[in-house]
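> what follows is a predicted protein model with its sequence.
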Amino acid sequence: MKFELLHTDTTTRARAGLIETGHGLIETPIFMPVGTAATVKAVHQHELERDIRAQIILGNTYHLYLRPGLDTLRQAGGLHRFNAWGKPILTDSGGFQVHSLAHRRKIKEEGVTFQSHIDGSKHTFTPEGVMDIQRVIGADIVMAFDECTPYPCDFRYAKNSMELTHRWLQRCVDRFDATEPLYGYAQTLFPIVQGSTYPELRKISAETIASFGREGNAIGGLSVGEPVEDMYGMTELVTEILPADKPRYLMGVGTPENILECIARGIDMFDCVLPTRNARHGVLYTAEGIINIKNARWKDCFDPIDSQCPVPTSQTHSRAYLRHLFVNDEILGMQLATLQNLGFYLWLVRTAREHILAGTFSGWKNSMVPQISRRL
C-alpha cells in the first residue's frame with residue numbers, strides 16, 4: 001500500500017491524500033460503508049459503486065469467521081470474489097465485537113475465548129489466529145487484534161488494557177510478517193491506538209504504535225459512549241504524534257458533524273454503522289439536516305429526499321413517497337433511505353476533500369456543521 005499526502009489545510013489539520021492498494025485507489029478523506037457480513041445492508045454492490053461512489057468497504061473478521069466460515073471464503077478465493085466487490089476492502093480484527101460480548105468472553109494474555117452469538121459455541125481469538133483469519137478473508141487493509149476498552153473505565157484498567165494491546169500488536173506484526181497473502185495481491189496491517197480518554201495513555205500508545213513503522217495507523221476506543229469533547233480531544237492529541245506521511249483511520253466514527261470535526265483534526269479514514277442502521281429506522285442524513293421520515297409532516301412533502309446529494313434516487317423520489325414506503329413497511333423504503341445516507345456521507349467527504357485542495361475547508365466546515373446537525 002502507498003499513501004501520497006497531496007495537501008494539508010493551512011488553518012486546520014485537514015488533509016487530502018491518495019491511498020494505492022491492489023484493488024484500486026482511495027481518495028482521502030474517505031468514509032467506508034460497513035459491510036459486516038460480506039454485504040452492506042440493503043445495498044447492492046453495483047449501487048455502492050455506481051450511485052454511492054464508494055471506494056472501499058469494510059468486512060468484519062468476527063462475523064465472517066463464524067459465517068460463512070474460513071473454508072468457504074478460502075474456496076471462493078477470498079472476500080472480494082465471494083461478494084463480487086472489486087474495489088478495496090478493510091477488515092477489522094474482531095476486537096470491538098469481543099468488547100461488545102462482555103458477558104460471553106474471557107480475556108487472557110494468550111487471547112480471548114468467547115461464545116458465538118449464533119449458537120453459543122466456544123472459540124478463541126489470538127493475535128496470531130486473527131492474522132491468519134484475515135489472510136484467508138483477503139482484505140487489502142487488515143487490523144491488529146486489540147482490546148477495545150469500555151467507557152467509562154478506570155485508569156488502571158485502561159493502562160493494563162493498552163499494554164496488553166501493545167503486546168498483542170507485536171505478536172500480530174510477527175505473524176503477519178512471517179506469512180504471505182493468499183490471493184496474489186498485497187495486504188497491509190494497521191496497528192490501533194488505545195488508552196481510553198486518558199491523555200497520558202493515548203500519548204504513550206500513539207508513540208508505541210508509530211514506532212512500528214507500519215503503512216497506516218488506526219485510532220480505536222473513541223466511539224464507545226464517551227463525550228464528544230473527549231473524542232475530539234483524544235483525536236487531536238493522537239494526530240499530533242502519528243506520522244504525517246501515513247493514513248490515519250478513526251474507527252467507528254460517527255455522525256456527519258463528528259466526521260467534519262475529525263477531518264479538521266487530521267483524520268483520513270472513517271467508518272460507522274450509523275448511516276445504514278439509522279436508515280432502516282427512517283432517520284435520514286441530508287445536506288439540509290436530519291429528517292425522521294416517519295413524521296406526519298412529510299406526508300404531503302413532494303420535495304426531493306435531498307436536492308444536493310448526487311445519489312439519483314435522492315433526487316427522483318420525494319419525501320412523501322419515502323414516508324409512504326416506511327408507513328407501509330415496504331422493503332424499498334429501507335433501501336432508498338440507506339442509499340440516501342451512504343450517498344450523503346460519501347458526498348460529504350468528497351466535498352470536504354475539494355475544499356481542502358482549494359484552501360477553503362475551514363470556512364466551509366464551519367458553515368456546514370450547524371446545517372447538517374440540525375433536525376428538520
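Received the coordinates, thanks.
> quick one, phi/psi of I331?
Torsion angles at I331 (phi, psi; degrees, to the nearest 10) stand at phi -60, psi -30.
> and it, how far from A337?
From I331 across to A337, the span is 11 Å (Cβ to Cβ, to the nearest Å). For every residue, glycine as well, the C-beta is placed using N, CA and C.
> then Y183?
Counting by Cβ to Cβ, the gap from Y183 to A337 is 35 Å.
> more neighbours: which of those two?
For Y183 versus A337, neighbours defined as other Cβ atoms under 10 Å are more numerous around A337 (29 against 16).
> tell me which helix or strand the more buried one sits in.
Using DSSP states H and E, A337 sits in helix 331-358.
> before we move on, what about D174?
According to DSSP H and E, D174 maps onto helix 155-178.
> what's downstream of that helix, the next helix or strand?
For helix 155-178, the following helix or strand on the C-terminal side (DSSP H and E) is strand 188-190.
> who are the packing partners of that following strand?
Other elements packing on strand 188-190 under the criterion 3 or more Cβ pairs under 8 Å, 6 or more residues apart in numbering; DSSP states H and E are strand 141-143, helix 155-178.
> could you export these as TSV, including mean pLDDT and mean neighbour count?
Formatted as TSV, the helices and strands packed on strand 188-190 follow (pLDDT from 0 to 100; neighbours: other Cβ atoms under 10 Å):
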stretch	mean pLDDT	mean neighbour count
strand 141-143	98	27
helix 155-178	98	18
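> T36: which of these is closest?
T36 lies closest to strand 141-143 among those, at 14.2 Å (Cβ to Cβ).
> from the contact counts, what lies against that closest one?
Other helices and strands packing on strand 141-143, by 3+ Cβ pairs under 8 Å, 6+ apart, are strand 89-92, helix 127-137, strand 188-190.
> contacts for the helix or strand just after the last one, please.
Using DSSP H and E, the helix or strand that directly follows strand 188-190 along the chain is strand 192-193. Counting by Cβ atoms under 8 Å, 6 or more residues apart in numbering, the neighbours of strand 192-193 from elsewhere in the structure are 93, 95, 143-144, 146, 165, 169, 202, 205-206, 209, 217-220, 238, 242, 251.
> most tightly packed of the helices and strands packed on strand 141-143?
Each of those was scored by mean neighbour count; the highest is strand 89-92, a mean of 27, by mean count of other Cβ atoms under 10 Å.
> what's the weakest-modelled helix or strand in the chain?
Least confident helix or strand of the chain, by mean pLDDT, DSSP states H and E, is helix 95-100 with a mean of 70.
> report the next helix or strand after that one in sequence order.
The first helix or strand that comes after helix 95-100 along the chain, using DSSP H and E, is strand 105-107.
> and that following strand, which strands flank it?
Strand 105-107 has the following strand partners under DSSP bridges: strand 112-115 (antiparallel).
> return the distance of the helix holding A337 from the chain's centre.
Centroid separation between helix 331-358 and its chain, computed with Cα atoms, centre = their mean, to the nearest Å, is 14 Å.
> same check on stretch 18-28?
16 Å.
> for the helices and strands packed on strand 141-143, which one sits closest to T72?
Closest approach to T72 among those (Cβ to Cβ): helix 127-137, 9.9 Å.
> low-confidence ranges in the stretch 101-250 of the chain?
Applying pLDDT under 70 to the stretch 101-250 of the chain flags residues 101-102.
> can I get stretch 204-224 as CSV, trimmed to CA atoms?
C-alpha atoms of stretch 204-224 as CSV (Å, rounded to 0.1, in the frame of the first residue of the first chain):
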residue,chain,number,x,y,z
ILE,A,204,2.1,6.5,25.1
SER,A,205,0.0,4.4,22.8
ALA,A,206,0.4,6.7,19.8
GLU,A,207,4.2,6.8,20.3
THR,A,208,4.3,3.0,20.6
ILE,A,209,2.1,2.4,17.6
ALA,A,210,4.1,4.9,15.5
SER,A,211,7.4,3.1,16.4
PHE,A,212,6.3,0.0,14.5
GLY,A,213,6.5,2.0,11.2
ARG,A,214,3.6,0.3,9.5
GLU,A,215,2.0,1.8,6.3
GLY,A,216,-1.0,3.2,8.2
ASN,A,217,-2.4,3.7,11.7
ALA,A,218,-5.7,3.5,13.4
ILE,A,219,-7.3,5.0,16.5
GLY,A,220,-9.7,2.8,18.4
GLY,A,221,-11.9,3.1,21.5
LEU,A,222,-13.4,6.5,20.7
SER,A,223,-16.9,5.5,19.7
VAL,A,224,-17.9,3.7,22.9
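> next, give phi and psi for K122.
phi -90, psi 140.
> does it touch Q115 like I think?
Yes: between K122 and Q115 there is a contact at 5.8 Å, judged by Cβ atoms under 8 Å.
> could you say what helices and strands the helix holding D174 packs with?
On a contact count with 3+ Cβ pairs under 8 Å, 6+ apart, helix 155-178 meets helix 127-137, strand 188-190, helix 199-211.
> point out where the stretch 251-376 of the chain drops to low pLDDT.
For the stretch 251-376 of the chain, no range has pLDDT under 70.
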